[in-house]
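Novice: have a look at this prediction, sequence included:
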Amino acid sequence: MSDTLGTIWPCLPHTQAKHRILERYLKAWMPIVASFVKKPQRVLFVDGFAGPGQYERGEPGSPVVALRAAAQHSRTFPVPIDFLFIEKDPERLAHLIRVLDGMKAELAWIQPAFLYKVGIIKKHCSSICCNEQVTISQNKIII
Ligand SMILES: C[S@@+](CC[C@H](N)C(=O)[O-])C[C@H]1O[C@@H](n2cnc3c(N)ncnc32)[C@H](O)[C@@H]1O
């Protein structure tokens with residue numbers, strides 16, 4: 001995707017609606033997916049188009065929405081959920097890392113493992129599936 005937006009941009013109503021859906025979806029599915037996975041395996045959530053993590057007026061981006069869905073969940077998950085955020089724009093990725101660094105205290109109790117990558121989703125998705133032997137059909141990965 002090529003765009004003319006800067007590092008951050010205004011959060012439009014359709015994006016806010018998408019984030020509400022994402023939050024509800026993840027709150028419903030995280031405990032279900034986690035219950036299918038046996039230790040020492042873990043669940044990996046991949047946001048392949050992560051963006052900068054924040055919008056112009058401070059609204060949360062999808063990585064923040066996903067992390068809060070896990071951190072604020074009323075249930076404890078039987079296995080940890082890891083998060084992989086992929087963003088191709090280096091400045092947006094740097095912004096995202098700053099935003100997520102600022103959330104460490106908020107997320108302390110779920111102790112997620114974060115992995116941030118700058119790159120294109122196609123390349124990293126194949127490396128996740130091949131090198132880490134995680135497959136979508138095994139229900140261990142949520143995209
Ligand atoms: C709509 S924005 C991100 C919105 C974010 N998911 C959210 O809801 O807050 C899409 C982002 O995907 C990034 N992007 C576009 N194509 C990509 C690709 N092939 N691989 C990784 N990132 C990509 C863009 O740089 C942009 O920051």
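Specialist: Yes, it's here.

Novice: now do the end-to-end distance for stretch 58-74.
Specialist: End-to-end span of stretch 58-74 (Cα to Cα, to the nearest Å): 25 Å.

Novice: which residues does it contact?
Specialist: Here stretch 58-74 makes contact (Cβ atoms under 8 Å, 6 or more residues apart in numbering) with 11, 16, 18-19, 22-23, 26-27, 30-31, 45, 47, 49-55, 77, 81, 83, 85, 96, 99-100, 103, 106-107, 109-110, 112. Any C-beta I mention is one placed from the backbone N, CA and C, and that applies to glycine too.

Novice: take those and keep only those in helices.
Specialist: Judged by DSSP state H, helices contain the following of the contacts of stretch 58-74: 16, 18-19, 22-23, 26-27, 30-31, 96, 99-100, 106-107.

Novice: scan these and report the most crowded one.
Specialist: Highest neighbour count within the ones in helices among the contacts of stretch 58-74, by other Cβ atoms under 10 Å: L96, with 25 neighbours.

Novice: leaving out sequence neighbours, find the closest residue to that one.
Specialist: Excluding the flanking residues, the one nearest L96 by Cβ to Cβ, 6 or more residues apart in numbering is G53, at 3.9 Å.
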